[in-house]
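Enquirer: based on what follows, work out the 3D shape:
(4 chains)
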Number of protein chains: 2
Amino acid sequence: MSDSTAQVVPSYLRELNERRVLEILREQGPAHAAHIARLASLSRPTSAQVLRALVDVGLVEEQIPMSGDPGRAKSMFYAVSTLGAVLSVDIGARFIRASVGDVNGTQLATASHALTETTLASVIKTMHSVVDEVLAESKYTSKDILSFVVGSPGVVDREAGQIAIAGTISELEGVKLTELLEKEFGFKPVIENDVNLVAIAEQNFGAGKNVDTFAVLSVGSGIGAGLIINGQIHRGHRGAAGEIFYIPLTGADDIRHNTSDPSSGNIETFAASVAKNYPDSKLVSPYKTIEIFQAARDKDSLALAVVANVAMRIALYISTITSVIDVESVVLSGGIGRQSDVLLEEIRAVTANIVPYAPNIEVTQLGDNAVLLGASALGTKIAQNTVFARRSNAYSAARETADIAL
Amino acid sequence: MSDSTAQVVPSYLRELNERRVLEILREQGPAHAAHIARLASLSRPTSAQVLRALVDVGLVEEQIPMSGDPGRAKSMFYAVSTLGAVLSVDIGARFIRASVGDVNGTQLATASHALTETTLASVIKTMHSVVDEVLAESKYTSKDILSFVVGSPGVVDREAGQIAIAGTISELEGVKLTELLEKEFGFKPVIENDVNLVAIAEQNFGAGKNVDTFAVLSVGSGIGAGLIINGQIHRGHRGAAGEIFYIPLTGADDIRHNTSDPSSGNIETFAASVAKNYPDSKLVSPYKTIEIFQAARDKDSLALAVVANVAMRIALYISTITSVIDVESVVLSGGIGRQSDVLLEEIRAVTANIVPYAPNIEVTQLGDNAVLLGASALGTKIAQNTVFARRSNAYSAARETADIAL
DNA sequence: GGGATTTATTGTAAAGTATCCTAACGCAAG
DNA sequence: CTTGCGTTAGGATACTTTACAATAAATCCC
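Expert: I've put the predicted structure just below:
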């Protein structure tokens, strides 16, 4: 409930109000002190004092004169910051992407390099080249980096700083990634599961903006979910929340889930297995997921059958997730999840047939950079906390780690 | 993150510290002011002041002299209260139970009356008789009731104050229960799903005491789960979290789940369907769940087969829940869930085979009154908030409703 | 229509209140 | 005599209310 160790002393009030004002400024956009006072339920003197403090630490900028509204000349305050940069990296199975943003979440540079082989050495090497590129383009240097967030597939063991169950890049498993990356890049990374970062991205910039409890269902070369529960990313006891691959939808003995898992390999297998029933199909073996979806748009019979099956499989996972935690909405993401046009209606129909309270089912609008966007959002939070902690006392330090939870 | 409307002013600090001290007193037991000061990271003067305030509102009692420990004679402070009573009712399919407790969670009177027919009229009538009995026994009167918590099967729509999807007592569905009970009993009830109350009970008194994230899996005449996520009961967007009956473990088309659901009717059906394979069994049709479990303890072949199947089915649900939210532990409850001795090993084994991170699987120790215990715990929180709100300002009122969420 | 006046609203200063802490002191038990 | 509790006093921090000066728009008036 309440933090157990932190001291509750007067200066904690100030910190609360500073955080609150900053959040308002970030969400509502620039405003002058009196306006902030009203939004934050503070008196004007306090609002002005808080803003001054935020300007002092560099989290807020002041633009001195202004005219327009009635009243005395007002300073406008912006939640912009030139304090430093937020570096984000997305370790994907085929590409490694990176971006540099400012503390306010604005992306300054983005790049994507192909990952030629899925070895650890190659991952590190590619990371260096992408990071170098975005840093150069952003005009920031390593010294300006306030936070460094790395999105990776697999289950992240936050305590040990390593990947416990690697997904697509098996060589990551068991590697002390935090240590390794700190040695390689010179600053300590925060490792986060990639789908969790997508969920954070959706919460901040996408379909989850005004939704308290939702799930991101990512379907691609694998399947996974990211959960936002009551506005907080939910990682679970060992960081394995959303590892829905393991749901025994085909009984206790089938640990491979080939007939329920909608990720790409299984789709191709399924297509091959039913192909003989659709002799008029123009698709030929070997079946490729992307081609199947393309053919479905052209009403190819085999493709339509496969796509319907994929939709049904996705609906199974959505139904399961919502039966457990009752989400308001589910956002589809990933290479297959994003093939909305041919899937969405069927997914909705099947889901509505299974559960009494079907969630809203939508498709992500965030594109390829969702992981990076989420990493930036998380990095911004971390950077903010660093700034607060830097000049602050026991409580904010204690709260900092708790807050990174968001 | 931070409450949006509440004002952050100095007196909020005091309230935080009062809540904190009260919680410590409740958890750690009686203590003198200096000890509390250390536990709460407060100075001795502040600790004494806070305690005095709590004594003033009646949430804490002071016992003046003491000898034994070194130092000056100390006042001991107890988190006991004679402020008023907490009334709890458990609407079950076969019994309606009620209890009266004090604000500190101590049960003063408990009773259980059989529900002869599952009509709404009968439910109300039986509730009246049980409530009258416990009130009389507790020596409290209606006027002393600070909170009134009612546990009911089904999905509770908290906004409308009604049961949206009634489980075993179908006549409850769609009834404006809050309104109705307020008219019948004279004070406003808080309706809560019964399994959620069991989860709250486990959190406060049972296997969930030091566990942040866990699930209660209740298996009896139906199946349902209650979730504690990060120390908070999770109800879901429409209050339907934990309605795991709907998980499509047998495919999208089977909406009856007879072959995966381990609740009692299905067990009996399953027993009948495999009986012919176990000619040496002493069990005879019609098969009753309780008899089957009893026979399993005597190593009856059919009973063992059935029990193994039930264990497997339960493991499916546990695996599903933990795949989605990654719980630290699962507490089995309900008429069947509590038949631990013959199930637990098998459930653990099957679960470990399905998911990489199996949770601890335990059996409830709370007995028949778990729902009432949870209702009391919730009622205590509500009553406390009422007391805080009564003499307090905007923020605590605003926070009160938020806190009832716990 | 143009200039003066009113109105609205901002920012800041001063005073008051609430909270917490530290320091110091008295007191009692071992 | 030492230890540790409770209390009082003084000082620091933070928030509010009240009051006032500054200024731009709106209004009024001739």
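
Enquirer: show the pLDDT at A:F185.
Expert: A:F185 carries a pLDDT value of 95.

Enquirer: right, and A:G335 touches A:S221 too?
Expert: Yes - in terms of Cβ atoms under 8 Å, A:G335 counts as a neighbour of A:S221; the distance is 7.0 Å. (C-beta placed from N, C-alpha, C; glycine too.)

Enquirer: looking at the stretch 301-406 of chain A, which residue is nearest chain B?
Expert: At 2.4 Å from chain B, A:D326 is the closest residue in the stretch 301-406 of chain A, using Cβ to the nearest Cβ.

Enquirer: from B:F245, how far off is the nearest residue to that residue once chain neighbours are set aside?
Expert: Once flanking residues are discounted, A:D326 sits nearest to B:G236: 2.4 Å by Cβ to Cβ, 6 or more residues apart in numbering or on different chains. Using Cβ to Cβ, to the nearest Å, one gets 14 Å for the distance from B:G236 to B:F245.

Enquirer: before we move on, the earlier item: intersection of neighbour lists for A:G335 and A:S221?
Expert: Listed as contacting both A:G335 and A:S221 by Cβ atoms under 8 Å, 6 or more residues apart in numbering or on different chains are A:S264.

Enquirer: buried ones in whichever helix in chain A runs longest?
Expert: Assignment by DSSP state H gives helix A:301-325 as the longest helix of chain A. Across helix A:301-325, burial judged by 16 or more other Cβ atoms under 10 Å in any protein chain shown covers A:301-307, A:309-325.

Enquirer: what's the angle between the helix or strand just after it and helix A:301-325?
Expert: Downstream of helix A:301-325, the next assigned helix or strand under DSSP states H and E is strand A:329-333. Angle of strand A:329-333 versus helix A:301-325, following axes from the mean of the first three to the mean of the last three Cα atoms, to 10 degrees, is 140 degrees.

Enquirer: summarise which helices and strands strand A:329-333 is packed against.
Expert: Other elements packing on strand A:329-333 under the criterion 3 or more Cβ pairs under 8 Å, 6 or more residues apart in numbering or on different chains; DSSP states H and E are helix A:194-205, strand A:214-219, helix A:301-325, strand A:360-363.

Enquirer: could you redo the last one with a cut-off of 10 Å?
Expert: Contacting strand A:329-333 under the criterion 3 or more Cβ pairs under 10 Å, 6 or more residues apart in numbering or on different chains; DSSP states H and E are the following elements: helix A:194-205, strand A:214-219, strand A:223-229, helix A:301-325, helix A:344-354, strand A:360-363, helix A:370-390.

Enquirer: paired strands for the second one, with orientation please.
Expert: Put plainly, it is strand A:214-219. For strand A:214-219, the paired strands and their directions (DSSP bridges) are strand A:223-229 (antiparallel), strand A:329-333 (parallel).

Enquirer: now do the strand or helix carrying A:D56 against helix A:370-390, angle only.
Expert: According to DSSP H and E, A:D56 maps onto helix A:44-57. Using the same axes, to 10 degrees, the inter-axis angle of helix A:44-57 relative to helix A:370-390 is 110 degrees.

Enquirer: what's the following helix or strand after helix A:44-57?
Expert: Under the assignment DSSP H and E, the closest C-terminal helix or strand after helix A:44-57 is strand A:61-63.

Enquirer: tell me the strands beside that following strand, with direction?
Expert: Strand A:61-63 has the following strand partners under DSSP bridges: strand A:76-78 (antiparallel).

Enquirer: and whichever helix or strand comes after the strand it pairs with with helix A:194-205, angle?
Expert: Downstream of strand A:76-78, the next assigned helix or strand under DSSP H and E is strand A:85-91. Here strand A:85-91 points in a direction 140 degrees away from that of helix A:194-205 (the same axes, to 10 degrees).

Enquirer: avg pLDDT for strand A:85-91?
Expert: Mean predicted confidence for strand A:85-91 is 95.

Enquirer: over to stretch A:294-306?
Expert: For stretch A:294-306, mean pLDDT rounds to 96.

Enquirer: end to end, how far does it reach?
Expert: This stretch, stretch A:294-306, spans 12 Å end to end (Cα to Cα, to the nearest Å).
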